[in-house]
Every structure is written in structure tokens, then in C-alpha cells.
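S.K.: next come a sequence and a model predicted from it.
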Amino acid sequence: RTRTQGITSFNTMMFQNGPHRGAWFSVVALAALSRPLASHRLPLASPTQRVSTTAQRAPQDVMHPLGCPWLEHQHFPLTAFNHPALPHPCPPRRAGVHRAAGVAGLKCMGGAGQGGDRDEVRGAERQSAAAALKRAIGELERGGVPEAAASAEILLGGVIGATRSKIRTEGPRITLSPLQDATYQSHVSKRLARTPVQYILGEWDFYNIDNLIVRPPTLIPRPETEELVDFLVQHYKGRSPPSRILEVGPGSGAIILSLIKEWKESRAVAVDLCDHAVQLTRENADQQRLSDRLTVFHSGIAEYHLLDGGKEGPFDLLVSNPPYIPSQDMAGLQPEVLGHEDHVALDGGDDGLDIVRQILDAAAGGLVRPGGEIWMEVDSSHPALLAKGVGCPNSVEVVEWRKDLSGRPRFVRWRVIK
């Protein structure tokens, strides 16, 4: 009834300028309004569900941060994706459900089986999602891509707007349109070149943030970094969170945006040497509507301390996931890392502590108030060095170490004592 009334009103208006023109527009309007509305909608993911610290990730919906990542490596250990029995403190990732599957994917995400592009490509043979997935897994396995099935499922989910579990159960009944199929093949080709899944999709969920924008060469947030965020959130639960926060090396902005989204009264500053990281952090802050509480500087930590730190500080909390891989270990990283991510964000110098030292010196020099804390993600080789006092100013003391899900010491908490 509503559609008929709309067309009647439309015709009344158009016939004032001539009956033939009005009749023609009526046909067009009727055809458009009678078409199923679902075919015009982009599939939207449901809200991320928060889980308790004892909850377990569902293995079928968990993905390592590079899509299907590097092999086991001491600097980037595989986590709950390969160890489904391990509890994970962070919200489960909705891998495979993304509002954007890259520029090429947006125009053909008309919904699984809805045929959003049916008028653009005619005569092309259609296939089921299950058949396309089987083909993709075979190509990735023959290409030597690690965890080929997971990569193929997540990329397919990004194209058709479905979870991995839905693809597995309903794949034979979901029909890909020709453009969806072409987009999926393009994604698989990029994955064969060892492009990380996140870069192919253009976004990824992180802790309490949906659809964080990710793009090369800015470092892709890892699950271990989600652990760092969750440790901080749990540490301040039941007490007043820090009012002023500084992050060194925000990259995409994942850490600092997660924290100020959780702590509604906190304000923050982020500093990064890389212009592309500064721009991406600002872009994500705008997208998450958090830019009014975050200021981002294009600067190193030492320069910021000298030039701007006195205006914004001293800070209650400094948090960082700095470059911490020893230079001699860089060559052992997987192609997804070496070929696509910014080495400046990874290489920490001879012992991996170059930037860590700079951060601690600035914190001890007044950038962090007495009693304020410094939380960092570091290399598993660093506890022994830091226990010997390497890189630690006298006014900074180690409060505790925490292990990641692989059992390696990964996170350190310092306190400024004077």
C-alpha cells in the first residue's frame, strides 16, 4: 500500500510536465520498488560480544592477525587460533564478517545469493560458495600458504558477508554472483602473493573496536597486543583509570583507541615517527568518534619530550608496543611480515631495546609523573636483559612481568618512583 501511494503521488507530480513523461517514470519507479530491498543492502556484522576472562574463543571464528600468518616464531607466536583450549581474555574476532572487503569487494557485496550485480554480468556460470571455497583452498595449499583453509574462509566471508561457521554450514546453498566470484579470485591471488588477509580486506576487529582500518605498511595489530590492552583494562577495573595517557608508536591506533573507548573520561596523546601511521591513527580516531580525546603528533619520543611533552604532560600512564625485534632476527620473519609491514615498526636494534631505552629515559625525565606507570609489549628475550638493569634508569623500577598465551614473557610494567 505504501509503495502504491508513493507511485501515485509521484505520477501526480510528473504529469504536470506531460503525461508521457509521467507514465515512463511510473514504470521505472514500480520496477525499482518491486525489487527485493535486501539486494541493495550491504551485509552488516552484528556487534562484537564481550567475553569474560575465562571464556574461550570459538576456533572456527578466530583468526591470527596476519590472516593466515607466519610460522611459529618467538617474536610473533601463534595464539588461540592454534590452541583452541586456551582461554583468551579478549573479545572473539568476528573473522570473515566485514563491512568492506577492499575497494574491489564493495561493489559486489549485494548479499549472499541475492545477485546484487545480476544486471552487470550475464551468461556467466555461477557456483556455490562451497565450490568456490574448495577451489580457493586447493590453490592456497598448492601455493604453500600457511593455514590455507582459514585464509580462504575469511576472504570469502569478507566478500559475501558471512561468518566462517555460516559458510561451512550453508556454503552449498549460497550462490556467488559473477562479480563476487571475480572479487574472491582476486583476493585469493593476493593471498597467494602472501599479502596479509587484513590488508586484503582493509579492516580488522581489535578488542572493543569494530572495523579498525588497516593498510600497508602500517603494522597489523596482533592478538598479543589485545592481551596488553585487556591487562590494562582489568588492572584499572574498580578504580579510577588514568586521566592522561601517552602512547608511543600507535601504528593504526588500536591500543590507544581501545583504551579511551573503554575509559570515557581519559584523554590521550599518541606520537609516531611514521607519517603513514600518524594519518591512519587519526583516520581511525575519526571513524570511532574519539578524535576529540586524542591528539596525534608526528614525532619521535625524544623530540616530543623536548618540544611538546611539557604542554601535555606529565602523564599518568605511558603504553607502547615499540619496535622490539633484535636486528639479527628480522631475516627470520615470514613473507607476510617482511614483504608488507614497515620494518621501522619492527626492528628494535641490536638487542631490540633501542626504542625501549628512549621511552624509559623520557618517562624518567618527567614525561610520566612520579607514581605513574609504563606498560609495554616486548621481546621474550628482554626479561633477562632488563633484570640486569640494561636500559632502565634508576628512577624507574620493574613492577611485574606477564606472559602471553604461548607462555612467553611478553608484557612488562614499570613504575616511576621519583
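M.R.: Sure thing, it's come through. Residues are numbered from 1 along each chain as shown.

S.K.: show me where the protein has its strands.
M.R.: 127-128, 175-176, 203-206, 209-213, 244-248, 267-272, 294-298, 315-320, 368-377, 396-403, 409-416 (DSSP state E).

S.K.: closest one to Ile220 among the ones you listed?
M.R.: strand 203-206 (7.1 Å; Cβ to Cβ). C-beta: built from backbone N, CA, C; applies to glycine.

S.K.: would TSV of the strands of the chain with distance to Pro223 be doable?
M.R.: Putting the strands of the chain into TSV (distance: least, Cβ to Cβ, whole Å) gives the following:
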stretch	distance to Pro223
strand 127-128	32
strand 175-176	30
strand 203-206	9
strand 209-213	13
strand 244-248	18
strand 267-272	21
strand 294-298	23
strand 315-320	17
strand 368-377	11
strand 396-403	14
strand 409-416	11
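
S.K.: same list, those strands, but as JSON lines with mean pLDDT and distance to Gly157 please.
M.R.: Output for the strands of the chain, formatted as JSON lines (pLDDT from 0 to 100; distance: least, Cβ to Cβ, whole Å):
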{"stretch": "strand 127-128", "mean pLDDT": "92", "distance to Gly157": "15"}
{"stretch": "strand 175-176", "mean pLDDT": "94", "distance to Gly157": "12"}
{"stretch": "strand 203-206", "mean pLDDT": "94", "distance to Gly157": "12"}
{"stretch": "strand 209-213", "mean pLDDT": "95", "distance to Gly157": "14"}
{"stretch": "strand 244-248", "mean pLDDT": "97", "distance to Gly157": "31"}
{"stretch": "strand 267-272", "mean pLDDT": "96", "distance to Gly157": "31"}
{"stretch": "strand 294-298", "mean pLDDT": "95", "distance to Gly157": "31"}
{"stretch": "strand 315-320", "mean pLDDT": "97", "distance to Gly157": "32"}
{"stretch": "strand 368-377", "mean pLDDT": "96", "distance to Gly157": "29"}
{"stretch": "strand 396-403", "mean pLDDT": "92", "distance to Gly157": "32"}
{"stretch": "strand 409-416", "mean pLDDT": "94", "distance to Gly157": "29"}
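
S.K.: tabulate the ones you listed in CSV, adding columns for distance to Gly389 and mean neighbour count.
M.R.: Formatted as CSV, these follow (distance: least, Cβ to Cβ, whole Å; neighbours: other Cβ atoms under 10 Å):
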stretch, distance to Gly389, mean neighbour count
strand 127-128, 62, 16
strand 175-176, 60, 21
strand 203-206, 34, 24
strand 209-213, 37, 21
strand 244-248, 21, 26
strand 267-272, 26, 25
strand 294-298, 30, 19
strand 315-320, 20, 24
strand 368-377, 16, 20
strand 396-403, 10, 14
strand 409-416, 12, 20
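
S.K.: which one of those lies closest to Lys388?
M.R.: strand 396-403 (11.3 Å).

S.K.: adjacent strands (with direction) for that closest one?
M.R.: Here strand 396-403 is paired, per DSSP bridges, with strand 409-416 (antiparallel).

S.K.: so which residues make contact with the partner strand?
M.R.: 224, 227-228, 231, 360, 363-364, 368-378, 380, 382-383, 386, 392, 395-404 (Cβ atoms under 8 Å, 6 or more residues apart in numbering).

S.K.: would you map the helices across the stretch 201-350 of the chain?
M.R.: Secondary structure of the stretch 201-350 of the chain (DSSP state H, counting those that start in this stretch): helices located at 223-235, 254-262, 275-287, 301-307, 309-312, 335-338.

S.K.: what of the stretch 51-200 of the chain?
M.R.: 103-106, 129-142, 148-160, 164-170, 178-192, 197-201.

S.K.: Throw the ones you listed into CSV and include mean pLDDT, thanks.
M.R.: Compiled in CSV, the helices of the stretch 51-200 of the chain are given as follows (pLDDT from 0 to 100):
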stretch, mean pLDDT
helix 103-106, 31
helix 129-142, 96
helix 148-160, 95
helix 164-170, 93
helix 178-192, 96
helix 197-201, 96
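
S.K.: got those helices as TSV, with distance to Asp342 and mean neighbour count columns?
M.R.: As requested, the helices of the stretch 51-200 of the chain are exported to TSV (distance: least, Cβ to Cβ, whole Å; neighbours: other Cβ under 10 Å):
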stretch	distance to Asp342	mean neighbour count
helix 103-106	22	16
helix 129-142	25	18
helix 148-160	22	27
helix 164-170	29	17
helix 178-192	19	21
helix 197-201	12	25
